[in-house]
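**Q** I need the structure of the sequence given here:
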Amino acid sequence: MNKSHRITILVAWGLLFAFALFHLVGAAIQTYFIATGDWEPTIDWSVAGGLKVAVVALRLLGLVALLAMLCRFLLNLRHNETTPFVRANVGLLFWSLLPWVVYNFCEANFHIISGVRHIAISTEMCFNSALLLAVAILYRRATLLAEENQLTI
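**A** So this is what the prediction gives:
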């Protein structure tokens, strides 16, 4: 592994750690206040309580799953010494769409816990999901090209 590849991986790990810490601490604090009843406005759990619990739990689980997949992506990059295009990461990128959509859907509909009765699907959520899908497709194509190039040399 050359020096620039190693530095890129270390910078990516640092940025991922900062991103993960920021989001996990924020989600944990919100979940704590919701669970203890200190959330404003006060949550009436008797009305659609299962839906409210699902939104809070799926939001946290989606975030944890997404961050775990990103960590695995970077670990796969670190173990590959020749190219940044690893075949194992292709499936990981496609599967990361699922927790991405779950987290964004729950984040966009977090207002449900305060009693609002409509579900929102934002254009930002759809655009970001389509963008992640495009990145996964491009990464798959780049991986195939890198493997083909490696065979012809």
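
**Q** tell me where the model's unsure across the protein.
**A** 1-2, 5, 37-48, 81, 153 (pLDDT under 70).

**Q** most centrally placed residue in it?
**A** Leu66 (3.2 Å; C-alpha atoms, centre = their mean).

**Q** from what I see, that residue and Leu98 are in contact.
**A** No - if you go by C-beta atoms under 8 Å, Leu66 and Leu98 don't touch, sitting 9.0 Å apart. Just so you know, the C-beta spots here come from the backbone N, C-alpha and C atoms, and that holds for glycine as well.

**Q** hmm, back to that, contacts only, for the residue nearest to the centre of the chain.
**A** Ser96, Pro99, Trp100, Tyr103 (C-beta atoms under 8 Å, 6 or more residues apart in numbering).

**Q** and the closest residue to the first one other than its chain neighbours, how many neighbours?
**A** Counting by C-beta to C-beta, 6 or more residues apart in numbering, the nearest residue to Ser96 once its immediate chain neighbours are dropped is Met69, at 4.5 Å. Here the count is done by other C-beta atoms under 10 Å, and Met69 has 19 residues near it.

**Q** quick check: which element contains Met69?
**A** helix 49-79 (DSSP states H and E).

**Q** from the contacts of Leu66, pick the one nearest Val25.
**A** Tyr103 (15.5 Å; C-beta to C-beta).

**Q** which element is that closest one on?
**A** helix 97-108.

**Q** show me what that helix is packed against.
**A** Contacting helix 97-108 under the criterion 3 or more C-beta pairs under 8 Å, 6 or more residues apart in numbering; DSSP states H and E are the following elements: helix 49-79, helix 123-152.

**Q** what angle sits between the last one and helix 97-108?
**A** Compare the direction of helix 123-152 with that of helix 97-108 by axes from the mean of the first three to the mean of the last three C-alpha atoms, to 10 degrees and you get 160 degrees.

**Q** could you do the longest one as well?
**A** Between helix 49-79 and helix 97-108, the angle comes out at 140 degrees (the same axes, to 10 degrees).

**Q** I'm done for today, thanks for sticking with me.
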